[in-house]
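In: Okay, structure incoming, though there's no sequence with it:
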């Protein structure tokens, strides 16, 4: 079964992401997820929160 994490976009919409599709997470100061497809997603959660969600 594939794990899914819930994150919040900057406009407060909730999104579900398959963590296996995340290539990198950048914090500068907004948190940017770079997916394997090349798409970039800005989210409210910081890098530490995303790390905990992926590893919990």
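Out: That came in fine, so what should we check first? Keep in mind that this is a model prediction, so the values were computed, not measured.
In: quick one: pLDDT of the spatially most central residue of the chain?
Out: Nearest to the geometric centre of the chain sits residue 33, at 5.0 Å (C-alpha atoms, centre = their mean). Listed pLDDT for residue 33 reads 97.
In: That one against residue 27, yeah?
Out: No. Counting by C-beta atoms under 8 Å, residue 33 stays clear of residue 27, with 10.6 Å between them. For every residue, glycine as well, the C-beta is placed using N, CA and C.
In: Next up, phi/psi of residue 44, please.
Out: Dihedral pair for residue 44: phi -80, psi -30, per degrees, to the nearest 10.
In: which residue sits closest to it, ignoring its sequence neighbours?
Out: Setting aside the residues directly before and after it, residue 44 is nearest to residue 8 in space (C-beta to C-beta, 6 or more residues apart in numbering), at 4.4 Å.
In: burial count for that neighbour?
Out: Neighbourhood size, residue 8 [other C-beta atoms under 10 Å]: 13.
In: for it, what are its contacts?
Out: 14, 15, 43, 44, 45 (C-beta atoms under 8 Å, 6 or more residues apart in numbering).
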